[in-house]
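**Student:** show me how the following folds:
(4 chains)
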There are 2 protein chains.
Amino acid sequence: MSRVIATIDCPVAAPKNLMPASVAEPLADLLKVLADPVRLRLLRLVADAPDTTACSCHLPGPLGISQPTLSHHLKKLVDAGLLVREQRGRWAHYRLGSQSLLPLREYLDSCC
Amino acid sequence: MSRVIATIDCPVAAPKNLMPASVAEPLADLLKVLADPVRLRLLRLVADAPDTTACSCHLPGPLGISQPTLSHHLKKLVDAGLLVREQRGRWAHYRLGSQSLLPLREYLDSCC
DNA sequence: GGTTCGTATCGATATCAGTCGATACGACAA
DNA sequence: TTGTCGTATCGACTGATATCGATACGAACC
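**Tutor:** Model prediction:
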């Protein structure tokens, strides 16, 4: 006959409510856009601009990056809704997107 | 004599105060750790646990990842200070690290 | 001591992101 | 229309990272 073995099990209960992947993945995508020093500086720069509008003609120099690289980063920020692009004559101007960081704020408040 | 050319210049002033790279890079590193769906779910899972403590023995199954992959992600979270590891007998338990998200909260409040 | 089991590390692979030079596009100026 | 200039795209390279199987380590049990 089989003996009942008193195995010492992990005393912590298994998790019940797991955050769904359908929620975690879009949030991770947003964080991936934020997780770059150049883009963090770009966002802050637009936020600090007089009317929260910045022209990209001034940016490559201080940031130490080339023009294609700047264009690449700005596109990422616009695609994520973090910046809004507006064409003024020959120049492209950028302002902050609204509400785009709401999912991140909600996660931080609910989680940590 | 030279003629003054009325070139139409960009009407937006050049940025003055640029966020220093020494600030942006650590924050980007923290965001890189957060920018993964598995790690977002792990953090939320620990936060939702009864005493905010979770045992990793229950995690690979629901998350759909192998044990080495789980170990990899937990190490990243611990290294970033987002989780604190505590050995209890044979099991490793995890709780939330405190203050580790402060730089991110400050950035969000000051910027966006 | 030997076994079991939770966890970490190693090695390999595959995918992805940042960067830049070269080039194309497009709007305004002359 | 021709040129200039701001911007986007392309192609290529490089480095970082997520993943897993195999294996090693370490502590508790028998």
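**Student:** which residues touch residue A:24?
**Tutor:** The neighbourhood of residue A:24, defined by C-beta atoms under 8 Å, 6 or more residues apart in numbering or on different chains, consists of B:37-38, B:40-41. Bear in mind the C-beta positions are built from the backbone N, C-alpha and C, glycine included.
**Student:** tell me the pLDDT at it?
**Tutor:** In the prediction, the pLDDT value recorded for residue A:24 is 96.
**Student:** what's the closest non-adjacent residue to it?
**Tutor:** Nearest residue to residue A:24 in three dimensions, chain neighbours excluded: residue B:37, at 3.8 Å (C-beta to C-beta, 6 or more residues apart in numbering or on different chains).
**Student:** and residue A:26, by the same measure?
**Tutor:** Closest residue in space to residue A:26, ignoring its immediate chain neighbours: residue A:103 at 7.1 Å, by C-beta to C-beta, 6+ apart.
**Student:** can you tell me the helix or strand for that neighbour?
**Tutor:** Counting by DSSP states H and E, the element that carries residue A:103 is helix A:102-111.
**Student:** which secondary structure element of chain A has the lowest mean pLDDT?
**Tutor:** None of the helices or strands of chain A scores lower by mean pLDDT, DSSP states H and E than strand A:53-55, at a mean of 65.
**Student:** I'd like the next helix or strand past that one.
**Tutor:** Heading C-terminal from strand A:53-55 (DSSP H and E), you reach helix A:60-63.
**Student:** can you spell out which helices and strands pack onto that following helix?
**Tutor:** Taking 3 or more C-beta pairs under 8 Å, 6 or more residues apart in numbering or on different chains; DSSP states H and E as the contact definition, the neighbouring helices and strands of helix A:60-63 are helix A:37-48, helix A:67-79.
**Student:** what does the shortest one rub up against?
**Tutor:** Okay, so that is helix A:37-48. Residues external to helix A:37-48 that are found in contact with it (C-beta under 8 Å, 6+ apart): A:33-34, A:52-54, A:59, A:63, A:65, A:69, A:73-74, A:76-77, A:82-83, A:94-96, B:15, B:17-19, B:21, B:24-25, B:27-28, B:31, B:107, B:110-112.
**Student:** distance from it to the middle of the chain?
**Tutor:** Relative to its chain's centre, helix A:37-48 lies at 12 Å (C-alpha atoms, centre = their mean, to the nearest Å).
**Student:** what of the longest one?
**Tutor:** Distance of helix A:67-79 from the chain centroid (C-alpha atoms, centre = their mean) equals 14 Å.
**Student:** burial of the closest residue to residue A:83 other than its chain neighbours, as a residue count?
**Tutor:** Setting aside the residues directly before and after it, residue A:83 is nearest to residue A:77 in space (C-beta to C-beta, 6+ apart), at 4.2 Å. As a burial measure, the neighbour count of residue A:77 was computed by other C-beta atoms under 10 Å in any protein chain shown and equals 24.
**Student:** same question, residue A:62
**Tutor:** If we define neighbours as other C-beta under 10 Å, then residue A:62 has 13 of them.
**Student:** does the closest residue in space to it that isn't next to it in sequence lie in a helix or a strand, and which?
**Tutor:** With C-beta to C-beta, 6+ apart as the measure, residue B:18 is the residue that lies nearest to residue A:62, at 5.1 Å, once sequence neighbours are left out. Using DSSP H and E, no element contains residue B:18; it sits outside every helix and strand.
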